[in-house]
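[1] Everything below, folded, please.
(one chain, ligands or ions: 1)
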Amino acid sequence: MARSKKSTSGAESAAALGAPPPAPRGELAIRTLAMPADANPSGDIFGGWVLAQMDVAGGITAGQLARGRVATVAITAMTFHLPVYVGDVLCVYAEVERVGRSSISIHLESWASRGRLSERVKVTEGEFVFVALDANGRSRPVQREELEV
Ligand SMILES: CC(C)(COP(=O)(O)OP(=O)(O)OC[C@H]1O[C@@H](n2cnc3c(N)ncnc32)[C@H](O)[C@@H]1OP(=O)(O)O)[C@@H](O)C(=O)NCCC(=O)NCCS
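    Modelled structure (predicted):
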């Protein structure tokens, strides 16, 4: 069966109901272009590539907050809502959910702009946990004053 590459977006549904279009949660952390080299054998973008972009985006956010080295310790939830296509502009948004002693839990959402930015849809979301590390790769506390900027 031929597959349509046009997905029904939240924006279209919202517009039909007269509601404002859905908006991403959090701050834009990275924006990148899905290239042919990132595709799976079916021609759509490989899920691992999208997950890696989210990991990078979360790592930037956590690293800024911790002001230093961080590592991903867990991905506690991950959902792929819609496919990503070659040529989509992928934007990853990050919202810090919780800061523990050394851990930083971040909600990440990927939104794809299709067809040269005309349509924006949420394609993935997940919960990532990062840990602040010292020079020896062991967990270190995230300092209070680091959070108050
Ligand atoms: C990150 C790492 C140093 C943590 O080591 P650890 O012995 O668990 O350290 P700690 O016990 O001090 O725990 C550190 C924090 O991580 C949290 N944590 C550990 N495992 C977790 C898990 N599976 N899920 C959620 N949080 C977790 C702890 O609750 C703790 O949080 P807190 O300090 O805010 O209370 C170690 O697990 C590691 O090096 N992992 C590999 C990281 C990596 O290479 N990531 C890239 C993957 S390719």
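[2] Could you list the low-confidence segments of this structure?
    Scanning the chain for pLDDT under 70 picks out 1-17, 116-117, 144-149.
[3] Let me see the ranges of the helices in this protein.
    10-16, 47-66, 144-147 (DSSP state H).
[4] residues in contact with the second one?
    Same thing as helix 47-66. 27, 29-30, 32, 34, 38, 40, 69-70, 72, 75, 78, 80, 84, 90, 92-94, 96, 99, 104, 106, 108, 110, 123-124, 126, 128, 130, 132, 142, 146-147 (C-beta atoms under 8 Å, 6 or more residues apart in numbering). Any C-beta I mention is one placed from the backbone N, CA and C, and that applies to glycine too.
[5] Can you sort out which of these also neighbour the ligand?
    Thr72 (C-beta under 6 Å from any ligand atom).
[6] Which members of the contacts of helix 47-66 are classed as buried?
    Buried subset of these (neighbour count, 16 or more other C-beta atoms under 10 Å): 29-30, 34, 38, 70, 72, 84, 90, 92-94, 96, 99, 104, 106, 108, 110, 123-124, 126, 128, 130, 132, 142.
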